[in-house]
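[1] Here's my sequence, what's the structure:
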Amino acid sequence: MTLPMRTTTSDTLASARTRRPLLRSAAAWAAALVVALAAGACARLAAVDSNALWKIVDLRCVPSQQATGTPGQCTAVDLDKRYAILKDIVGRSQYLLIPTDRVTGIESPLLFAPHARDYWADAWAARRYVEKSVKRSLPDNQLGLEINSKYRRTQNQLHIHIDCMHAEVSAALARHAKDAPGEWRWDTLNGNRYRIMRVTTLMQAGNPFSLVARDNQNVEAMAMQTILVTGAGAFADKDGWLVVNSGMEVDNGTGSAEGLLDHACRVADGA
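    So this is what the prediction gives:
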């Protein structure tokens, strides 16, 4: 980064001995500024490049993990399970699970390939990073995972948001805590229509992608869907999970459930 300097009459008349320290000082200041701004590079990149997340994972995090055993810019990289965890620049506790394979998003047929990863189960396990950020354990029904539709995202690499839930949304979903597993039920959350299913696993038959795809069996239909997952109760292993789905084709539906997450994680503060 080059910082332009204005030349004044006093600069011109100054001696070389006087100018050199000033120039060295300016160069040192500019170098420090470049270092400070590096942390914001991801934000600028994401604003102009819909492949920014993919580039971070594929060009920085994975090579670092392979070469040094450390995840580089990411929080974690699992080479065997083929995903990375990246701290999002938005929010105090928001993380993203990002495949290390090229998968565009919720509409990708690769999600239904015979050996596709159980990304939702992996993302649920990664909720520990949220709890680490807020320095406390949270009930499973106060934690959530979410993926946006093709038309409500900025990045063309699949990423599952991992963060806290809004307290009022968790309270509204509590009425579904004892729903019979495997049955969709409609409800209104935050002004939008969603269908909600309680499941006892996030893998195989309970994989949220597969559940939603049963009624959206082509790329175009899946591209309009959003999915959120949260614990049906305080202990998901016992209580199960709630799969929350809406689509842009639904009356009062939506292509994004991200608004049900709270990137300020106020539940961690008792709010």
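[2] low-confidence ranges in the stretch 151-271 of the chain?
    271 (pLDDT under 70).
[3] repeat that for 90
    For the stretch 151-271 of the chain, the stretches with pLDDT under 90 are 205, 270-271.
[4] quick one: the strands in it?
    With strands called from DSSP state E, counting those that start in this stretch, the stretch 151-271 of the chain shows them at 160-165, 185-189, 192-199, 225-231, 241-247, 261-262.
[5] Buried ones in the second one, by neighbour count?
    Right, the one you point to is strand 185-189. The neighbour-count check on strand 185-189 (16 or more other Cβ atoms under 10 Å) flags Leu189 as buried. In this view, the C-beta of every residue, glycine as well, is placed from N, C-alpha and C.
[6] how much does that strand deviate in direction from strand 241-247?
    For strand 185-189 against strand 241-247, the angle by axes from the mean of the first three to the mean of the last three Cα atoms, to 10 degrees is 70 degrees.
[7] Relative to Leu79, how far out is Ser246?
    34 Å (Cβ to Cβ, to the nearest Å).
[8] hang on, I meant Tyr119
    15 Å.
[9] For the two, work out which one has more neighbours and name it.
    Tyr119 (25 against 11; other Cβ atoms under 10 Å).
[10] Need the pLDDT of Met5.
    If you check Met5, the pLDDT there is 30.
[11] State the number of residues packed around Leu59.
    Leu59: 12 surrounding residues under other Cβ under 10 Å.
[12] Confirm it sits in a strand?
    No: going by DSSP: H, G, I helix; E, B strand; the rest coil, the assignment for Leu59 is helix, not a strand.
[13] And the pLDDT at Ala32?
    Looking at Ala32, its pLDDT reads 36.
[14] Any figure for the gap between Gly247 and Trp120?
    18 Å.
[15] try Asp58
    22 Å.
[16] More neighbours: the two, which one.
    Trp120 (25 against 17).
[17] That one sits in which helix or strand?
    According to DSSP states H and E, Trp120 maps onto helix 119-125.
[18] Go through that helix and flag the buried ones.
    Tyr119, Trp120, Ala121, Asp122, Ala123, Trp124.
[19] Does the first one touch Pro99 like I think?
    Yes: Tyr119 is in contact with Pro99 according to Cβ atoms under 8 Å; the separation is 6.8 Å.
[20] Around Ala174, how many other residues sit close by?
    Here the count is done by other Cβ under 10 Å, and Ala174 has 13 residues near it.
[21] close enough to count as contact, it and Asn141?
    Yes: here Ala174 reaches Asn141: they are 7.2 Å apart, a contact under Cβ under 8 Å.
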